[in-house]
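Student: What follows is a predicted structure for the sequence shown.
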Amino acid sequence: MKRHTKKDKIRGRRTNMRQKKESRSIQPIQEKGSNETINEEKSGGDPAINTTDFLPHLDEAFKKVPEIGDGSRWYDLPYSILSNLLQGKCRRFIPAKTRVTLNSAINYLIQFNEHERHAAWSRDDLLHNLKVPSSEHVTVPAIWVVELFPPSHIENLAKAIDKNSWDKERVRYGISEANQEVLERSRAGKGSIWWELGEIISENSHSLSGRAKRQALPAEFDNIKVYGLQVGEGLTAVLAQFALSSSASQHLDSVWHIDHEPKLIWSAGRLKAEDRHWSGLRRTQEARRSLHQKARSWLYQEAPGVFATNAEQQPLVDLLLLDEFDPSPGRQIERNFSSAIRALGLTRFEVEHISCANAPGLLLEKVDTVLCPTFKDDNTWTLWGKRESIANGIGDTSIYSQNKDSAITYILGQSLRDFFALLAISNLLQLFEGKYAELRDESRTRHKHFKGRHLKRLRSDFLTLSLDVSSLVRDIDAFNARTWRYANDIRFNLSNPPWVIEKLERAGKKSAESIDLIDMLQARHIKQARELAVVDKDYREVLSTVASLGASIDTIKVSRVAIWVSLASLLVALVTLLVADIKTSAPLFSLMKWIVSLF
């Protein structure tokens with residue numbers, strides 16, 4: 001029976017790559033009733049991918065950079081030695097742990113060979129390069145970040161208000177009340193639901209505002225507006241709207257368009273060779289995420305709430321405006337341009353269409369951290385679309401600003417405040433569920449000996465959670481029960497994309513009805529909050545039992561200690577009598593004399 005060597009496996013992998021590329025057929029999808037292809041419209045005129053071009057690029061790359069072990073490069077000799085050790089007869093004499101180490105070394109060397117081949121690979125191969133239409137551009141005008149302050153964290157907000165003095169200028173001119181007063185009245189159910197905590201302008205900005213505070217800001221931001229939202233009486237949300245500077249808003253586009261080169265990176269503890277395509281995806285997404293991290297860090301430092309305290313990423317929504325591509329029609333796009341859009345972190349719009357009737361052209365999407373691992377566990381959402389389509393859909397933007405990006409930012413910031421709060425409440429409920437699960441799983445280990453400090457810590461954790469959860473249940477009910485809405489409120493609908501609906505109709509099937517995203521979130525919040533309240537009640541009963549048992553055990557321990565203290569006191573008294581000056585006529589002296597006579 002023939003033994004397959006590492007080199008045979010690599011040749012087999014190369015053959016499989018050819019077979020896959022030969023069998024793969026990428027055809028442009030035609031719009032119903034039209035002879036024009038979607039590819040031309042969506043990718044700014046880029047031609048469809050021609051599968052017959054794949055094999056020449058593959059063969060050319062392997063001719064330029066042969067397989068590892070076939071040559072005199074620095075990694076060929078150690079690879080051959082290690083490969084022979086693992087494939088030869090001496091393999092059975094190598095311990096299992098050593099074989100694992102040698103395999104890791106071989107995989108490490110293979111990455112250098114892959115990297116050289118990626119660098120030599122033709123730029124005309126659309127599967128190994130990230131191609132962005134030269135006429136397409138993206139702008140990031142604004143970012144919104146939300147932080148929440150339940151009863152256990154409201155003190156942090158009061159301290160942040162005192163420290164930052166965001167309202168100093170407007171209070172000085174008598175424009176409105178101080179933030180501290182508004183906060184106290186709102187949490188008592190007698191104040192405003194929404195109010196402006198303050199506006200901060202960068203020291204380098206040319207903007208003028210009599211209400212704003214001028215201070216040093218990160219270079220990425222021109223100004224920051226901070227709003228307060230009272231959810232019920234016990235939960236306060238802080239929404240920070242970041243207006244990006246001109247250079248920062250264009251930074252993502254510049255990274256998106258550059259010619260990306262292959263990279264060797266460390267991923268999950270091992271070396272990995274990226275071709276130009278994957279390197280472009282990662283670097284573009286990192287450029288976008290770097291803006292997010294700057295915004296989150298600023299709010300974390302200035303007003304740390306429940307997310308910051310628990311080392312959770314604050315919910316974030318950013319705005320991406322494209323020059324040419326309009327995703328709102330919901331048509332399927334060709335693969336090459338789909339990769340370019342994926343590089344921005346947009347992947348779900350072709351399978352999950354979240355649109356808005358009173359803001360046509362605007363789509364909402366949550367970043368998929370599986371397809372876009374650069375974003376890790378970030379709670380990140382995106383508002384995006386073609387600039388002209390969004391501007392036309394929301395009405396006359398000139399009454400707000402001559403700059404369309406600024407006008408769109410202002411309108412969306414006003415219209416989506418409640419929606420931003422709903423997204424944050426979803427994350428808060430998930431956070432509380434995780435904390436209860438952690439307490440449940442660790443309580444037996446942490447408190448098996450009923451130590452007082454452990455019991456005290458458990459009691460403190462449950463006190464904080466119980467206070468927040470009991471308040472949150474009432475706050476969510478009150479927030480959802482509001483009957484009034486802002487005149488320009490934007491409500492999103494979740495549905496299948498139009499191209500899927502058309503396919504289902506052609507097949508004689510009916511598509512699922514669209515879902516009002518706000519109604520869905522509100523119903524989910526009510527269910528989760530009530531489930532948390534039940535869990536909290538059960539846990540508090542367990543805690544009461546544990547506390548009673550702990551008190552009983554402590555009483556027994558105290559009794560035992562008292563007995564030992566009594567015995568020790570008796571012993572001390574006897575010793576004192578023994579060393580004291582005793583008369584010969586005393587009974588104790590006679591007793592001692594009798595005991596000595598026995599020996």
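Tutor: That came in fine, so what should we check first?

Student: all strands for the stretch 151-300 of the chain, in order.
Tutor: All strands of the stretch 151-300 of the chain, identified by DSSP state E, counting those that start in this stretch, fall at 194-202, 213-215, 221-231, 235-244, 263-267, 270-274.

Student: Those strands: which one's closest to Leu82?
Tutor: Across these, Leu82 has its closest neighbour in strand 270-274 (15.3 Å, C-beta to C-beta). C-beta: built from backbone N, CA, C; applies to glycine.

Student: among the strands of the stretch 151-300 of the chain, where is the model least confident on average?
Tutor: Lowest mean pLDDT within these: strand 213-215, a mean of 85.

Student: Tell me the spacing between Gly520 and Asn496.
Tutor: If you look again at residue 520, you'll see it is Met, not Gly. According to C-beta to C-beta, to the nearest Å, Met520 stands 15 Å off from Asn496.

Student: ok, the two, which is more surrounded?
Tutor: Neighbours per residue, other C-beta atoms under 10 Å: of Met520 and Asn496, the larger number sits with Asn496, 18 against 13.

Student: hmm, back to that, and among the strands of the stretch 151-300 of the chain, the most buried is which?
Tutor: Most buried of those by mean neighbour count (mean count of other C-beta atoms under 10 Å) is strand 235-244; its value is a mean of 25.

Student: quick check: angle from it to strand 221-231?
Tutor: With axes from the mean of the first three to the mean of the last three C-alpha atoms, to 10 degrees as the basis, strand 235-244 and strand 221-231 are set at 160 degrees to each other.

Student: Reformat the strands of the stretch 151-300 of the chain as a markdown table; add distance to Gln430.
Tutor: Shown next, in a markdown table, are those (distance: least, C-beta to C-beta, whole Å):
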| stretch | distance to Gln430 |
| --- | --- |
| strand 194-202 | 25 |
| strand 213-215 | 34 |
| strand 221-231 | 16 |
| strand 235-244 | 15 |
| strand 263-267 | 27 |
| strand 270-274 | 31 |
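
Student: Quick one: closest of these to Leu532.
Tutor: Proximity to Leu532 (C-beta to C-beta) singles out strand 235-244 among those, at 13.7 Å.

Student: burial measure for His115, as a count.
Tutor: 19.

Student: which ones are touching it?
Tutor: Neighbour list for His115: 262, 264, 273 [criterion: C-beta atoms under 8 Å, 6 or more residues apart in numbering].

Student: now the residues you listed as a markdown table including distance to Leu344?
Tutor: Below are the contacts of His115 laid out as a markdown table (distance: C-beta to C-beta, whole Å):
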| residue | distance to Leu344 |
| --- | --- |
| Pro262 | 21 |
| Leu264 | 24 |
| Ala273 | 24 |
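
Student: rewinding a little: can you say which of the strands of the stretch 151-300 of the chain is nearest to Lys97?
Tutor: Between Lys97 and the strands of the stretch 151-300 of the chain, the shortest separation by C-beta to C-beta is 17.3 Å, and it involves strand 270-274.

Student: quick one: low-confidence ranges for this protein?
Tutor: Along the chain, segments meeting pLDDT under 70 span 1-54, 169-176, 206-210, 442-462, 484-487, 542-559, 574-575, 577-589, 591-592, 599.

Student: those strands in it, which residues are they?
Tutor: Remark: strands assigned in the chain by DSSP state E are 138-139, 142-149, 194-202, 213-215, 221-231, 235-244, 263-267, 270-274, 316-322, 353-356, 363-366, 380-386, 492-495, 515-516.

Student: CSV for the ones you listed, including distance to Val255?
Tutor: Listed next are the strands of the chain as CSV, based on distance: least, C-beta to C-beta, whole Å:
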stretch, distance to Val255
strand 138-139, 10
strand 142-149, 17
strand 194-202, 23
strand 213-215, 29
strand 221-231, 18
strand 235-244, 14
strand 263-267, 14
strand 270-274, 15
strand 316-322, 13
strand 353-356, 26
strand 363-366, 20
strand 380-386, 17
strand 492-495, 29
strand 515-516, 35
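
Student: right, and those strands - which one's nearest Ile526?
Tutor: Nearest to Ile526 among those is strand 221-231 (13.4 Å), distances taken as C-beta to C-beta.

Student: burial of the nearest residue to Ser426 once chain neighbours are set aside, as a residue count?
Tutor: Leaving aside its chain neighbours, Ser426 sits nearest to Leu521 (6.3 Å; criterion: C-beta to C-beta, 6 or more residues apart in numbering). If you count neighbours by other C-beta under 10 Å, Leu521 ends up with 17.

Student: so Leu521 makes contact with Phe420?
Tutor: No. Using C-beta atoms under 8 Å, Leu521 is not in contact with Phe420, being 11.5 Å away.

Student: For Ala142, list each beta-bridge partner.
Tutor: Here Ala142 sits in beta bridges with Ala243, as judged by DSSP bridges.

Student: Contact partners for it?
Tutor: So Ala142 contacts 241-244, 318-319, 409, 412-413 (C-beta under 8 Å, 6+ apart).

Student: same question, Ser355
Tutor: Counting by C-beta under 8 Å, 6+ apart, Ser355 touches 328, 330, 362-364, 492-493, 495.

Student: Out of those residues, flag the one nearest to Asp538.
Tutor: Phe492 (35.6 Å).

Student: I figured the closest one hits Lys366, correct?
Tutor: No. The pair Phe492 / Lys366 is not scored as a contact, 11.5 Å apart, by C-beta under 8 Å.

Student: what about those two, which has more around it?
Tutor: Neighbour count, other C-beta under 10 Å: between Phe492 and Lys366, Phe492 has more, with 22 against 16.

Student: Ala357: what's its closest spatial neighbour, skipping adjacent residues?
Tutor: Of all residues not flanking Ala357 in the chain, Asn493 sits nearest, at 6.8 Å (C-beta to C-beta, 6+ apart).

Student: no no, Thr409
Tutor: That would be Ala142: by C-beta to C-beta, 6+ apart, it lies 4.2 Å from Thr409.

Student: so how far is Val226 from that neighbour?
Tutor: To Val226, Ala142 is 14 Å away according to C-beta to C-beta.

Student: between these two, what contacts are shared?
Tutor: Gln241.

Student: what residues are up against Pro151?
Tutor: 234, 467-468, 471.

Student: Let me know the closest of the contacts of His115 to Asn84.
Tutor: For the contacts of His115, the nearest to Asn84 is Ala273 (23.5 Å; C-beta to C-beta).

Student: burial measure for the residue lying closest to Leu321 once chain neighbours are set aside, as a count.
Tutor: Excluding the flanking residues, the one nearest Leu321 by C-beta to C-beta, 6+ apart is Arg387, at 4.3 Å. Residues near Arg387, counting by other C-beta under 10 Å, number 21.
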